[in-house]
Structures are given as C-alpha cells and as structure tokens.
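A.B. asks: Provided below for reference: sequence and predicted model.
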Amino acid sequence: MDQIDNFRKAVNDDESMQEELMAEGIDLNVPEFAATKGFNFTEEEYATYLDSNVEGELSEFEASMVAGGIGCSGGS
C-alpha cells in the first residue's frame, strides 16, 4: 500500500495534479491515472485501502473529490 500512500501525498502536494484529477471528473479511474504518474496499484488494492485506511483522514482536496462523486473507478 506504499504506492497508494505515496500517490496520495504526491496529489496533496501538487496542485496541477489535483487539477488533472478534477478535470477527469466522474469518469476518473484513480489507479489508471496514478499509473500515468508512475504509481502502480490495482483498483482492488485502492478500494481495500480506502475501506480500511482513510476514514477520517482525508485531506481537504480528497474530501472534495469524494463529495463530487469521484471514486475508485469510472466508466472505463
């Protein structure tokens, strides 16, 4: 799960990456997007991570993504 932790940190530290994520909107597949940035994890790993690790630990940006309906995978 280090890849996911590292990805979260990278996103929270980089406004341009946040803008890219938000531009994808509801169709975003987070693991696919992360892979384009050099982070490798599966949808299943990401879903498990979210279920077990982030309750109450979301950054302001991550909370806005959840509120906007961006989840583990989109239409792909």
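C.D. replies: It's in. Numbering: from 1, shown residues only.
A.B. asks: any weak-confidence spans in the protein?
C.D. replies: 54-56, 65-76 (pLDDT under 70).
A.B. asks: and if we set it to 90?
C.D. replies: Applying pLDDT under 90 to the chain flags the ranges 1, 8, 21-29, 46-76.
A.B. asks: Can you pull up the most central residue in this protein?
C.D. replies: Nearest to the geometric centre of the chain sits Val30, at 4.8 Å (C-alpha atoms, centre = their mean).
A.B. asks: and that one, backbone torsions?
C.D. replies: The phi and psi values for Val30, taken as degrees, to the nearest 10, are phi -60, psi -50.
A.B. asks: residues contacting the nearest residue to Ser59 once chain neighbours are set aside?
C.D. replies: If you skip the residues right next to it in sequence, Ser59 has Asn12 as its closest partner in space, 4.8 Å away by C-beta to C-beta, 6 or more residues apart in numbering. Placement of C-beta: from N, CA and C, glycine included. Counting by C-beta atoms under 8 Å, 6 or more residues apart in numbering, Asn12 makes contact with Gln18, Ser59, Phe61, Glu62.
A.B. asks: Which helix or strand contains Asn12?
C.D. replies: Remark: Asn12 resides in helix 2-13, with elements defined by DSSP states H and E.
A.B. asks: And the helices in this protein, which stretches?
C.D. replies: Under the criterion DSSP state H, the chain contains helices at 2-13, 15-24, 30-36, 43-53, 60-67.
A.B. asks: For Asn40, which non-adjacent residue is closest in space?
C.D. replies: Take Asn40 and drop its neighbours on the chain: the residue closest to it by C-beta to C-beta, 6+ apart is Gln3, 5.7 Å away.
A.B. asks: residues of stretch 6-21 that come out buried?
C.D. replies: Residues Phe7, Arg8, Val11, Met17, Gln18, Leu21 are the ones in stretch 6-21 that count as buried (16 or more other C-beta atoms under 10 Å).
A.B. asks: Of these, just say which sits nearest to Glu43.
C.D. replies: The shortest separation between Glu43 and any of those is 13.3 Å, and it belongs to Phe7 (by C-beta to C-beta).
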